[in-house]
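# With the input below, show me the fold.
(one chain, ligands or ions: 1)
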Amino acid sequence: MGSRRAKNKQKDPPSIEEFQARKDKKLKREREKSKKSIASDENNKVKKQKTDSRSKQKVNGARSKTKSKKASKEDKTSITEDSEDSALENSQTEEVEHRDDGLPEVDLEELSKAKKSLFDDDDDDQEDEDDELKDEFDLEQEYDYEEDADEQPVFSDEEGIDLEDLNAANMEELSRKLDEENAAEEQDAEKELTGADQLQPRADVLPTQEEEELMAQQAPDLTTIRTRMIEIVKVLEDFKNLGAEGRSRTDYTDRLLKDICEYFGYTPFLAEKLFNLFSPAEALEFFEANEISRPITIRTNTLKTRRRDLAQALVNRGVNLQPIGPWTKVGLQIFDSQVPIGATPEYLAGQYILQAASSFLPVVALDPQENERILDMAAAPGGKTTYISALMKNTGCVFANDANKARTKSLIANIHRLGCTNTIVCNYDAREFPKVIGGFDRILLDAPCSGTGVIGKDQSVKVSRTEKDFIQIPHLQKQLLLSAIDSVDSHSKSGGIIVYSTCSVAVEEDESVVDYALRKRPNVKLVETGLQIGKEGFTSFRGKKFHPSVKLTRRYYPHTYNVDGFFVAKFQKIGPSPHDDNQATPREKELAARQEALEEGIIHSDFSTFNDEEDKKYIQKSQKNSLLKKGINPKAAKSEKK
Ligand SMILES: C[S@@+](CC[C@H](N)C(=O)[O-])C[C@H]1O[C@@H](n2cnc3c(N)ncnc32)[C@H](O)[C@@H]1O
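Numbers count the residues shown, from 1 in each chain. Here you go, the predicted structure:
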């Protein structure tokens, strides 16, 4: 689990304040060491505080990590005067602590100046915009070592030997050392808490029959369950040496799954489905990561502003933020805010949209070009449509479709707020494309899915998803993907691209759907997504073999990238197909798909549980609802029909 944290940790260049804080921490440690006898009480206090905070961190997982990180980042975002005030407040708090420890004071005024100089960049030249956006928070780029060498007084002369030695040139090196120390310290803390490295699984980690019976009668002891899960994972990792005599791997896995269900609250069905995606140790990391929501992120609307300007405006309002990562030029991560982030003047003016980082990925893969015709098949509430529109700089045309009329309201609202003027909203069952309209340069199918990638956001998924969902949803996804392929113009000069994405990590909704499309439409091939992050898609899974090119698809997990679980596949249409002018209705397509699947034995049980009688009930209900929404009495409509 230590490794998860290490992996999740985003390595950013330190700000002067971060550096200062780390320096102080180091200095403090050294002083404490030398004054052991006097400081022993103080040391215990600090230790206790650390342990407390670590325990809390453990309980809250990455949320507290984010918070602590946020705290360390707080000053980094203090660009302008208002924010400097808050930075000063923070520094003043630190200052008091420093005085208590007999540590030197920091010249706050100078510190603020230096801080400002770090972010000062008068170069507003539009031509340099891209570079600026890319590097805008990169300390290495922003900090002019030569120039700022004179700014050393920022660090008081009284700051001790280390700080005297500190200059702009060696700051990075020293900072790296401190980073390493910090990381090691964090890992130690983690180990201390879980005892994971020392933890030798007990020989009798699995409960006996009597113990099981006793446990069934008592309230679950979460601490015991947690320890047992860690122990079982250890045994499974080295079963040959650690497995108890007379116990099989299955015995351990079964117990682990029961514990996962009990500890994290999943149904056995879903726990097993998700568990099977990973090694036991990684599965535990995945389940843990699902206990917390991902960081709040926003996307800069480049139709209205630049990320640098937006960041500055938000910082002025007391928002602590930083760029999401090097893979996006438009994303900002919010650590905390003194104002509601969904109601700032900048928000209302459409300068940004609240959007999960993972949601950027399919649009980056789609790579929309100016003046193209693009279809967003399942677009509401429009996070991706508006991003597509922005990348096209409001040229060409984006068709934003969603089958759910109610959801198109938020789609329209976002399109208006963000000032997208190249967008047409439509409300079709996307399986009707290309009958509605075809010949697109690019299509994004951000498909409806089970949401197993966003459990951190929606805990209800843990218990609401059933086996049937993983039959019906992929069935719809397959139909939608074939429609998407059929609606793209293979002769498109700039495109011929289809991007398929889901916020599910289930293979049935991801690789299986992609593989199905490759078999059904030989006129498409998978291509590189162009995404800088992501794990390769599975080419085989539990006995199922997929086309080798499925490796080009990308998977995202909360425990590896600290983003929602996500899947992205990018296709290129390499030739026209007889299906291009497919005029079949969705129902006809569905029947044809069923027939094909049955004939080829591709999907086995995929369609077997469909029940026409049950369907009829749902269709009637939805017709009734639709009439009611229109203000028509269904009974009256019925008698009129007669
Ligand atoms: C994952 S959400 C899309 C999110 C959206 N792309 C965004 O970034 O804001 C899936 C959408 O698919 C829509 N949907 C479900 N079935 C559909 C169908 N047959 N045709 C078109 N849209 C459908 C749902 O109403 C839902 O809005």
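
# my guess is residue 407 contacts residue 382, does it?
No - in this structure residue 407 lies outside contact range of residue 382 using CB atoms under 8 Å: 9.2 Å. For every residue, glycine as well, the C-beta is placed using N, CA and C.

# Grab the nearest non-local neighbour of residue 532.
residue 327 (4.2 Å; CB to CB, 6 or more residues apart in numbering).

# Just the pLDDT at that neighbour, thanks.
Per-residue pLDDT puts residue 327 at 93.

# three-state assignment of it?
coil (DSSP: H, G, I helix; E, B strand; the rest coil).

# show me the contacts for it.
364, 531-533 (CB atoms under 8 Å, 6 or more residues apart in numbering).

# count of neighbours near the nearest residue to residue 558 once chain neighbours are set aside?
Closest residue to residue 558 in three dimensions, ignoring its sequence neighbours and counting by CB to CB, 6+ apart: residue 289, at 3.8 Å. Residue 289: 22 surrounding residues under other CB atoms under 10 Å.

# okay but residue 289 is in contact with residue 457, surely?
No - at 11.9 Å, residue 289 does not count as touching residue 457 under the criterion of CB under 8 Å.

# domains for this protein, by residue range?
209-291, 295-355, 359-573 (the TED database).

# quick check: mean pLDDT across the longest one?
Per-residue confidence for domain 359-573 averages out to 97 on the pLDDT scale.

# on that earlier part again, the ligand: which of the domains of the chain is closest?
Shortest distance between the ligand and the domains of the chain, using CB to the nearest ligand atom, is found for domain 359-573: 3.1 Å.

# Let me know whether the closest one sits next to the ligand.
Yes - counting by CB under 6 Å from any ligand atom, the ligand has neighbours in domain 359-573: 359, 377-384, 401-404, 407, 429-431, 446, 448.

# Quick one: buried ones out of those?
359, 377-384, 401-403, 407, 429-431, 446, 448 (16 or more other CB atoms under 10 Å).

# Mind checking which of these are in helices?
383-384, 407 (DSSP state H).

# Tabulate these in TSV, adding columns for distance to residue 563.
Shown next, in TSV, are these (distance: CB to CB, whole Å):
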residue	distance to residue 563
383	14
384	15
407	23
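
# Out of those residues, the closest to residue 491 would be?
Distances from residue 491 to these, taken as CB to CB, are shortest for residue 384 (25.2 Å).

# I figured the closest one hits residue 445, correct?
No - with contact defined as CB under 8 Å, residue 384 does not count as touching residue 445 (10.5 Å).

# Below-threshold pLDDT in the stretch 51-200 of the chain: ranges please.
Counting by pLDDT under 70, the stretch 51-200 of the chain has low-confidence residues at 51-179, 181-183, 185-200.

# ok, residue 426 - how many residues close by?
When neighbours are counted by other CB under 10 Å, residue 426 comes out with 16.

# contacting residues for the residue nearest to it when sequence neighbours are not counted?
Once flanking residues are discounted, residue 426 sits nearest to residue 401: 4.7 Å by CB to CB, 6+ apart. Taking CB under 8 Å, 6+ apart, we find residue 401 in contact with 375-379, 425-428, 430, 433.

# Find the pair from these with maximum spatial separation.
425 and 433, at 14.6 Å, using CB to CB across those.

# who's more crowded, the two?
Between residue 425 and residue 433, residue 433 has the larger neighbour count (other CB under 10 Å), namely 26 against 19.
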